[in-house]
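>>> take a look and give me a structure for this.
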Amino acid sequence: MFKRILQVLGIFLVLVIVVPFIGPWLGLADYRSMAPEPGQRVNLPNGDHVNVYREGSGKPVVLIHGRPGTGRMMLLLARALEPLGYSTITYDRIGYGHSSRRSSEVPANPTANARELLYLIEALRIDDPLIIGYSYGGGVALEAARLDPNAFNRLVLIASLGDNSERIAPPTGVARLLFSVPMMRWMMGTEFIAMRMGKPGITAMFYPAPADETFLKQSFAGLSMPGVPETMIRERTERYQEFDGYQPDATMACTLIIHGVDDKIVPAKGAKVLRDAISGSELQLLSGTGHAVVIQQPERLAELIASHDEACSD
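This next block holds a predicted model:
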């Protein structure tokens, strides 16, 4: 009897461990069909290429997505800006979506991402762009402003990183296993496991509103693309390697900071630190929304951005 129990247990463990790795070939990860279609390929001066989505006509706006994600994460905000007279440019940061994968010789930190943003502005020959950075993308925008203060003179930071007072240490022990590439591949092998293990994170992101499972599936679709888990893990573990930290005092004065009061991912206190550090900046705290503000309140964001942009131009 005991031997029989061990056999059943062994079969169960094999199924649990093996099936997720072959799940995509068994049709158990249908969410992968929700991966975004490629846009325009833009070659950068450093040899990389970036996948770009361009819509609308008018004043140019470059929107930078968070971690992980793709340019399509900013789609709702981009579409809300278009009727207000903007030409929107969203892109997959290097390592994500349909853009180049990051070389192991290049650090996966905000500085490298900032240089690539500046390369993109140069490649597209954009004059006087408005830069909008969301979450990790906000940190990228801040770093780009430090590297080249003349590249742009208007900046919007939404649910942005930037408070350098709390450093995120690389994961160790069990956390290191959970944030490993094999574990992420296992988790994303079947939609059943992916949706359940991803639910806590998406719940925190959308708090206080209910989690958006469609967005979760789209996120996993992007995360399941070749090389993306490696990029996400590297950006987490290498955030402060060869990186001196954000220097918001070096950015331009015309900066708008927008943050959800109920943000569980990047607490709103960080927005106040940024406001105090950036001379002349404006802070807008939005009630009833959290980290997913670009999805939950795109029209409200667009109104605030357009109003601030007009004030900057006066």
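>>> which stretches of the stretch 1-150 of the chain form helices?
2-22, 75-81, 110-124, 136-147 (DSSP state H, counting those that start in this stretch).
>>> how many other residues sit next to residue 83?
Using other Cβ atoms under 10 Å, residue 83 has 12 other residues around it. For the C-beta atoms, the positions are set from N, CA and C on the backbone; glycine is no exception.
>>> that one and residue 57, how far apart?
As judged by Cβ to Cβ, to the nearest Å, residue 83 and residue 57 stand 11 Å apart.
>>> try residue 297
24 Å.
>>> between the two, which is the more surrounded one?
Just comparing residue 297 and residue 57: by other Cβ under 10 Å the higher neighbour count belongs to residue 297, 20 against 11.
>>> residues touching that one, list them.
286, 289 (Cβ atoms under 8 Å, 6 or more residues apart in numbering).
>>> repeat the analysis, applying 10 Å as the threshold.
By Cβ atoms under 10 Å, 6 or more residues apart in numbering, the contact list for residue 297 reads 76, 77, 80, 258, 260, 286, 288, 289, 303, 304.
>>> give me the neighbour count for the fifth one.
When you say that, I think you mean residue 260. 27.
>>> would you mark the buried spots in the helix or strand hosting residue 276?
Assessed by DSSP states H and E, residue 276 sits inside helix 269-277. Buried positions in helix 269-277, judged by neighbour count with 16 or more other Cβ atoms under 10 Å: 270, 271, 274, 275, 277.
>>> give the pairing partners of the helix or strand that comes right after that helix; include direction for each.
With elements assigned by DSSP H and E, the helix or strand that comes after helix 269-277 is strand 282-286. Applying DSSP bridges, strand 282-286 is found paired with strand 255-260 (parallel).
>>> centre of the chain to the partner strand, how far?
16 Å (Cα atoms, centre = their mean, to the nearest Å).
>>> do the same with stretch 90-104
Per Cα atoms, centre = their mean, the centroid offset for stretch 90-104 relative to its chain is 12 Å.
>>> then stretch 61-68?
6 Å.
>>> first-to-last residue distance for that stretch?
In stretch 61-68, first residue to last residue: 21 Å (Cα to Cα, to the nearest Å).
>>> with stretch 126-140 instead?
By Cα to Cα, the extent of stretch 126-140 from end to end equals 18 Å.
>>> over to stretch 77-88?
With Cα to Cα as the measure, stretch 77-88 spans 9 Å from end to end.
>>> center of this protein, which residue is that?
The centroid of the chain falls nearest to residue 66 when counting by Cα atoms, centre = their mean (1.3 Å).
>>> now do the helices in the stretch 151-300 of the chain.
Under DSSP H, counting those that start in this stretch, the stretch 151-300 of the chain gives helices at 173-178, 181-187, 191-206, 213-223, 228-237, 269-277, 293-296, 298-313.
>>> which residues are in contact with the fourth one?
Taking Cβ under 10 Å, 6+ apart as the criterion, the residues outside helix 213-223 that touch it are 29-36, 65, 68-73, 92, 96-98, 184, 187-188, 191, 194-195, 197-199, 201-203, 205-206, 212, 228-229, 231-232, 292, 295.
>>> go again using 8 Å as the cut-off
The contact list for helix 213-223, computed with Cβ under 8 Å, 6+ apart, reads 31-36, 68-70, 72, 96-97, 184, 188, 191, 194-195, 198-199, 202, 206, 228-229, 232, 292, 295.
>>> distance from the chain centre to stretch 298-312, please.
Between the centre of stretch 298-312 and the centre of its host chain there is 21 Å, according to Cα atoms, centre = their mean.
>>> quick check: buried residues in it?
298, 301, 302, 304, 305, 306, 308, 309, 312.
>>> same question, stretch 82-93
In stretch 82-93, counting by 16+ other Cβ under 10 Å, buried: 82, 84, 86, 87, 88, 89, 90, 91, 92, 93.
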